[in-house]
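Enquirer: fold the following for me, if possible:
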Amino acid sequence: MHPRTHREYLSRKTLQVCEVLVVLVVSSIPILAANDHIIVRENVSKSNREELEQRLQTITGWNDLGFDAAGVLRIGNSAPRTGSKSARELLNRSVSANRVILFEDASSRKDVVFCSVVETTVNATSYGALPVYVVLIDFADFRQVTGDKQARAAFDVGWAVLHEIDHVTEDSQDPQQDVAGDCEGRINRMRRELGLPVRNSYFFSILPVKSDGNLISRFVRLGFDQDNATLSKRRRYWLIWDAAIVGGLPPETESARASLDIF
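Expert: Predicted coordinates for the structure are as follows:
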């Protein structure tokens with residue numbers, strides 16, 4: 001059973017245009033070796049590629065993780081002393097899985113909110129019979145996020161990519177109710193292994209601000225929780241962004257909640 005596609009990092013808009021563009025982009029990719037199953041496309045700039053590498057290095061503890069000259073993700077051979085064991089296990093499964101994952105730059109596109117994944121069809125000579133999934137990354141969206149330092153460490157392009165990889169590799173589904181869900185539950189385990197707060201909700205909410213009755217806030221927030229065993233208390237940290245710039249807030253509704261499909 002293949003994972004449900006058209007997953008978006010925050011909203012569930014349709015991505016028919018994305019699929020057409022993706023097919024055109026990946027149709028001429030050369031044949032890859034057995035473990036060349038995670039690839040960054042050439043349209044991802046050097047700075048964005050380095051940012052993604054650095055975020056994944058921090059999460060996994062693999063300091064030699066990176067993309068080679070052909071854009072293939074190499075997870076390295078170092079023995080990490082830090083990082084998330086669960087994240088390393090997920091990437092190990094992903095690079096040897098019978099499917100291909102491509103990272104595509106979708107920065108500043110209105111139809112992608114943070115990150116999403118779509119299944120596509122490519123020329124049979126490129127990957128044989130392997131299914132291909134394209135992770136569309138809006139690097140610009142992540143630069144619009146502000147909030148508590150602890151929450152920002154638990155929410156970046158590295159976490160987003162791992163969330164989408166989990167969807168593809170583990171065939172995970174996102175919840176219909178306001179809970180983290182199976183996919184995000186595994187990502188939360190990785191956060192705990194790094195001592196970071198965990199995402200407490202599958203939904204973001206409108207930022208509570210005073211209004212004159214005529215102005216509707218475009219700002220939304222997403223919460224992360226961290227337990228303090230010593231004090232027997234739970235601390236909540238917040239992320240905030242403008243949904244009019246990043247997206248994720250349905251334009252046809254003034255609902256205080258909008259569905260998230262993120263890591």
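Enquirer: could I get the full set of strands for this protein?
Expert: For the chain, strands defined by DSSP state E occupy the ranges 7-8, 38-40, 66-67, 73-74, 100-105, 115-120, 132-137, 146-147, 198-199, 203-206, 219-228, 233-242, 257-259.
Enquirer: just put those in a markdown table and tack on mean neighbour count and mean pLDDT.
Expert: C-betas here are computed from N, CA, C, even on glycine. Formatted as a markdown table, the strands of the chain follow (neighbours: other Cβ atoms under 10 Å; pLDDT from 0 to 100):
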| stretch | mean neighbour count | mean pLDDT |
| --- | --- | --- |
| strand 7-8 | 26 | 46 |
| strand 38-40 | 23 | 94 |
| strand 66-67 | 19 | 96 |
| strand 73-74 | 19 | 95 |
| strand 100-105 | 23 | 95 |
| strand 115-120 | 24 | 89 |
| strand 132-137 | 25 | 94 |
| strand 146-147 | 15 | 96 |
| strand 198-199 | 22 | 93 |
| strand 203-206 | 18 | 76 |
| strand 219-228 | 18 | 89 |
| strand 233-242 | 16 | 91 |
| strand 257-259 | 18 | 45 |
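Enquirer: and the helices in the stretch 51-200 of the chain?
Expert: Applying DSSP state H, counting those that start in this stretch to the stretch 51-200 of the chain gives helices spanning 85-95, 124-127, 139-142, 149-153, 157-170, 181-193.
Enquirer: just name the most buried of the ones you listed.
Expert: When the helices of the stretch 51-200 of the chain are scored by mean count of other Cβ atoms under 10 Å, the highest mean neighbour count falls to helix 157-170 (a mean of 24).
Enquirer: got the angle for it vs strand 132-137?
Expert: 160 degrees (axes from the mean of the first three to the mean of the last three Cα atoms, to 10 degrees).
Enquirer: pretty sure residue 36 is touching residue 72, no?
Expert: Yes - between residue 36 and residue 72 there is a contact at 4.7 Å, judged by Cβ atoms under 8 Å.
Enquirer: what residues are shared contacts of the two?
Expert: Counting by Cβ atoms under 8 Å, 6 or more residues apart in numbering, residue 36 and residue 72 have no common neighbour.
Enquirer: just put the helices of the stretch 51-200 of the chain in a markdown table and tack on mean pLDDT and distance to residue 55.
Expert: Formatted as a markdown table, those follow (pLDDT from 0 to 100; distance: least, Cβ to Cβ, whole Å):
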| stretch | mean pLDDT | distance to residue 55 |
| --- | --- | --- |
| helix 85-95 | 95 | 11 |
| helix 124-127 | 52 | 26 |
| helix 139-142 | 96 | 9 |
| helix 149-153 | 97 | 10 |
| helix 157-170 | 95 | 3 |
| helix 181-193 | 91 | 12 |
